[in-house]
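*Asks:* following is a predicted model, sequence given first.
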Amino acid sequence: MVARSVRVRSLVVVVIGVCAACGGGGGAAPPDSLAGPAFPSPPTTNSDPQLTPFPWVYYDETDHGSVFENIAPQWFGELSAHAGETFTATVTALVSSENTSPDPSKKIDGAVFEGVVQGDGSFVWTETARAFSSGGVLALTGTSHGDALLHVLAVEADPSSYDSSISPAVSFTYDVACAGGDHAKCALGAQPGEACTVAPNDCDGGPLAYCVAPEGSGACGNAGTCLRTDNLCNSLPPSVCTCDGTTELNECWAHSDHEQIRHDGACP
């Protein structure tokens with residue numbers, strides 16, 4: 001997993017895991033209800049008190065995830081949410097990681113947690129919502145109760161509904177929408193592809209938040225577009241010269257290091 005900075009503001013984390021006690025699917029529970037057994041709490045400690053080990057989830061952007069029955073029984077994802085705003089995560093179980101057709105036979109359930117970062121970097125969580133899937137689709141709704149809180153959206157799968165010999169055990173798609181359809185009301189920063197400023201960086205996404213200025217006449221300027229930097233990079237040329245005079249292997253590596261690009265090719 002890729003680590004994210006903990007900020008003193010609302011965050012939402014999505015957790016996908018193997019359900020040890022959910023006992024079956026059932027219909028979707030109403031928002032903010034605590035129906036069903038308690039969901040296993042997210043991790044309470046981390047090796048680096050400045051980081052949380054959760055990938056970032058963006059609004060209105062469908063992404064993929066997987067859980068592994070014995071290796072990684074939970075999957076965590078993090079997103080921002082303004083206090084008082086309501087969001088809904090839709091998680092759809094797939095046939096497999098290769099076959100991305102929805103699988104209505106899979107049973108998944110979820111919860112929303114809110115938490116506080118302690119002085120030693122540990123997390124204290126409180127479950128605030130619970131829901132169950134119908135036909136392999138989970139719609140879990142939560143509300144941010146404070147900008148200074150951590151928020152965790154948790155989902156897990158019932159082992160009776162999948163083949164345990166397959167790895168990953170459950171693959172899924174997920175996306176999150178803000179109530180009313182305007183993600184700017186929920187998100188604490190601009191989403192990928194939206195306009196932003198380089199300094200101060202006003203993109204959503206923790207330390208992966210990155211505003212990249214265009215090359216050419218706008219190179220090294222302060223206006224740009226938010227870009228995801230959680231993608232894997234190769235080592236293929238061409239190299240690029242960054243605005244601080246460093247030569248990077250290529251554009252992907254420059255952006256992953258949050259460097260603006262002055263021009264293609266090595267620096268003089």
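*Replies:* Thanks, I have the structure now.

*Asks:* helices and strands of this structure: which one has the lowest mean pLDDT?
*Replies:* When each helix and strand of the chain is scored by mean pLDDT, DSSP states H and E, strand 4-5 comes last, with a mean of 32.

*Asks:* for the nearest residue to residue 239 once chain neighbours are set aside, helix, strand, or coil?
*Replies:* Residue nearest to residue 239 in three dimensions, not counting chain neighbours: residue 266, with 5.1 Å by CB to CB, 6 or more residues apart in numbering. C-beta here means a position set from N, CA and C on the backbone, and glycine is covered the same way. What DSSP: H, G, I helix; E, B strand; the rest coil gives for residue 266 is coil.

*Asks:* need the contact list for residue 266.
*Replies:* 239, 241, 247 (CB atoms under 8 Å, 6 or more residues apart in numbering).

*Asks:* show the contacting residues for the first one.
*Replies:* Put plainly, it is residue 239. Residue 239 makes contact with 247, 248, 249, 250, 264, 265, 266, according to CB under 8 Å, 6+ apart.

*Asks:* of those residues, which is the most crowded?
*Replies:* residue 248 (20 neighbours; other CB atoms under 10 Å).

*Asks:* surely residue 251 touches residue 237?
*Replies:* No - assessed by CB atoms under 8 Å, residue 251 is found out of contact with residue 237, at 10.2 Å.

*Asks:* of these two, who's got more company?
*Replies:* Legend: neighbour count by other CB under 10 Å for residue 251 and residue 237, higher for residue 251 (17 against 11).

*Asks:* quick one: contacts for the more buried one?
*Replies:* Counting by CB under 8 Å, 6+ apart, residue 251 has contacts 240, 261.

*Asks:* separation between it and residue 259?
*Replies:* Going from residue 251 to residue 259 by CB to CB, to the nearest Å gives 10 Å.

*Asks:* please apply the same query to residue 42.
*Replies:* 33 Å.

*Asks:* those two - which one has more neighbours?
*Replies:* residue 42 (23 against 19).

*Asks:* ok, now which ones touch the more buried one?
*Replies:* Per CB under 8 Å, 6+ apart, neighbours of residue 42: 13, 15, 74, 76, 113, 115, 123, 125, 152, 154.

*Asks:* partner residues bridging the closest residue to it other than its chain neighbours?
*Replies:* Excluding its sequence neighbours, the residue lying closest to residue 42 (CB to CB, 6+ apart) is residue 152, at 5.1 Å. Taking DSSP bridges as the rule, residue 152 bridges to residue 13, residue 113.
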